[in-house]
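Asks: One predicted model, sequence on top.
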Amino acid sequence: MDKILRIKMGSKPEFSVEKLGDYAGLGGRALTSKVIFSEVPPLCHAIGPENKLVIAPGMMSGSSAAISGRLSVGCKSPLTGGIKESNAGGQAAQVLARLGYAAIILEGDSPEGKLYTLVINKEGVKIVDAGKLVGLGNYATVEKLIAQYGEKVAYMSIGSAGERKLAASSIAVTDMELRPTRHCGRGGVGAVMAAKGFKAIVLDDAGCSVRKPVEPEAFKAANKEFIAGIKKHAVSGQGLPAFGTNVLANVINEAGGFPVNNFSKGQYPNVHKISGETQAELETSRGGKATHGCHRGCVIQCSGTYVDKEGNYVTKQPEYETVWAHGPNCGIDDLDAIALMDRMDDDFGLDTIEMGATIAVAMEAGLCEFGDVQGAIKLLQEVGDGTSLGRILGSGAAVAAKAFGIERAPVVKGQAMPAYDPRAIQGIGVTYATTPQGADHTAGYAIATNILKVGGFVDPLKPQGQIELSRNLQIATAAIDATGMCLFIAFPILDQPETFQAYIDLINGFFGLKMTADDVVALGKNILTWERDFNKGAGFTKEHDRLPMYFKREKLSPHDALFTVTDEELDEVFNW
């Protein structure tokens, strides 16, 4: 993984392969953020030719290291106006790394609005007209690509939302079954891919081998201990494999931090109807799967397969944030309806969190009632159809709230909050407010310590300790995102010192390094510094590191909680 593929679009698309140069030693989020910081003018328009789309596997991707197949996509975000790293599983990261590429950089703009397919294999690179793929959803797009390029290939694609350059659009990545179910969802990255002129990317690693470690025995021993640590932890080894990420529904509801009806309540009385336990039982009873990996090498297996009453495939197991967004946040407790909307999001190429939040805003505005299943599906179909209303909704919750005159828009830096109310879980509120990415739970998952008591315990209802908690988690997360590892390794790493050491030993064994814990922290700090410096250049100030005012004014039941971390404290997060 020692080269970069640079695609220059314009009147005549062309490409070049170059050495890593200043980007040597970086991968995943570290590489995407460094490229955007170094090469993209912060004040450029997100869908203009000056922006770039960077696709980078993690440092460990393409190897036999456990759970190392996450992919980072970076750009200036059409949704937030700041830097964006959007992360997905699926097979693309493993395949791209085995092809030897540390990154693909797409730059320029599409000639005359045309769309192309980028084909990469051992023999080289081709840029071909997307032809009949244009206008198709992700499922139909992948079907046609498989017919042409085969089944032993990884695919990336955009749906109709990306083609329309909507700010909530995603980039789909195929899973092990070649379904477009893993998405770089957040921040409108699909719109940037379209602006660069690409409908799809074909990655074929036939004839390529697994990346080899520099120190095979040390790597093998560390990998074995790392896997053992993941499997013995209660969250990564038991809860997530059994019930998927939606195991959190009952947990967060019990804590009073489960946003209901557009963040107006903290508990949902019918949570049992949509919980991870109920979902897993329903899936298995119909012949689906409650335990499944999103990419080869995953040892947590927190995904699944959702089928209908007749046993026909509908979608991958909807994740916790998706179940919440299209479910209780919209007053809906019908798992089949939620699964259908998840399928629609994947096909249109939309971020499920952003769309669920946007539909809830539309419900508050009176476009339909909370709990109206068919109304919610109709609103989502508007986005797929590209109607005028659909274009507003497909631009995200912040835009929809402005269009319909709604104050309660649960967004930071233009991006919708996920499935945790910051009034009842103060640590995640700090992360929402301060991460350069816009409201994003994965940027510093304070739920681990506030609710699950992983890595200690910080009272979720009190402001004390939340700044340090979020700061440390944001640093650690940035470093994990650079490796291509799944974020869920954080659970055993935080609780088990020997698993953290195995993680470091794994990296050292692969590259022949002598990294320490301090080096991991330094990497995380560097990434966050690049991202914050880019955002400063784009016009962001400390005043953008804030939650909407109503979180300090409107009490959340059942605790009557308000967000009580002060602005002065928020300004201390990055003072290291």
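Replies: All right, it came through fine. Being a predicted model, the structure only gives us computed values, none of them experimental.

Asks: where exactly do the strands run in the stretch 151-300 of the chain?
Replies: Per DSSP state E, counting those that start in this stretch, the stretch 151-300 of the chain carries strands over the ranges 154-157, 171-173, 182-184, 198-203, 289-292.

Asks: quick one: residue 272 from residue 203, how far?
Replies: 42 Å (Cβ to Cβ, to the nearest Å). In short, each C-beta sits where N, CA and C put it, glycine included.

Asks: These two - which one has more neighbours?
Replies: residue 203 (27 against 13; other Cβ atoms under 10 Å).

Asks: give the contact list for that one.
Replies: When contacts are counted by Cβ atoms under 8 Å, 6 or more residues apart in numbering, residue 203 touches 91-92, 95-96, 99, 120-121, 153-156.

Asks: For the helix or strand hosting residue 522, buried residues please.
Replies: Element membership of residue 522 [criterion: DSSP states H and E] is helix 517-537. By neighbour count on 16 or more other Cβ atoms under 10 Å, the buried set for helix 517-537 is 520-521, 523-532, 534-535.

Asks: How about stretch 149-158?
Replies: So, applying 16+ other Cβ under 10 Å, buried residues of stretch 149-158: 149, 153-158.

Asks: could I get those as CSV with distance to residue 363 and pLDDT?
Replies: Output for the buried residues of stretch 149-158, formatted as CSV (distance: Cβ to Cβ, whole Å; pLDDT from 0 to 100):
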residue, distance to residue 363, pLDDT
149, 42, 97
153, 41, 96
154, 37, 97
155, 35, 98
156, 33, 98
157, 30, 98
158, 27, 98
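
Asks: Kindly state the domain boundaries assigned to the protein.
Replies: 3-203, 213-243+422-576, 258-418 (automatic domain parsing).

Asks: Turn the ones you listed into CSV, columns for distance to residue 252.
Replies: Conversion of the domains of the chain to CSV gives the following (distance: least, Cβ to Cβ, whole Å):
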stretch, distance to residue 252
domain 3-203, 20
domain 213-243+422-576, 7
domain 258-418, 5
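
Asks: coming back round to it: what's in contact with the helix holding residue 522?
Replies: 29-30, 33-34, 36-37, 40-43, 76, 82-83, 85, 436-437, 474-479, 481-482, 500, 504, 544, 574, 576.

Asks: ok, now how distant is the closest residue to residue 257 other than its chain neighbours from residue 251?
Replies: Leaving aside its sequence neighbours, residue 257 sits nearest to residue 424 (Cβ to Cβ, 6 or more residues apart in numbering; 3.5 Å). Per Cβ to Cβ, residue 424 is found 12 Å from residue 251.

Asks: Which one of the two is surrounded by more residues?
Replies: Between residue 424 and residue 251, residue 424 has the larger neighbour count (other Cβ under 10 Å), namely 27 against 18.

Asks: where's the more buried one, which helix or strand?
Replies: Going by DSSP H and E, residue 424 is not in any helix or strand.

Asks: how near is it to residue 331?
Replies: For residue 424 relative to residue 331 (Cβ to Cβ), the value is 19 Å.

Asks: Next: residue 168.
Replies: For residue 168 relative to residue 331 (Cβ to Cβ), the value is 21 Å.

Asks: So those two - more neighbours on which side?
Replies: residue 168 (35 against 21).

Asks: just checking, the more buried one touches residue 353?
Replies: No: judged on Cβ atoms under 8 Å, residue 168 makes no contact with residue 353 at a distance of 9.1 Å.

Asks: quick revisit: let me see the contact set for the residue nearest to residue 257.
Replies: 255-257, 266, 460-461, 556, 559, 561.

Asks: Helices of the stretch 151-300 of the chain, residue ranges please.
Replies: Assigned by DSSP state H, counting those that start in this stretch, the helices in the stretch 151-300 of the chain fall at 160-163, 189-195, 216-232, 234, 240-243, 248-254, 276-286.

Asks: Look up how far residue 359 lies from residue 447.
Replies: Distance check for residue 447 against residue 359: by Cβ to Cβ, it reads 24 Å.

Asks: The two: which is more packed in?
Replies: Neighbour totals were compared for residue 447 and residue 359, and residue 359 leads with 31 against 24 (other Cβ under 10 Å).
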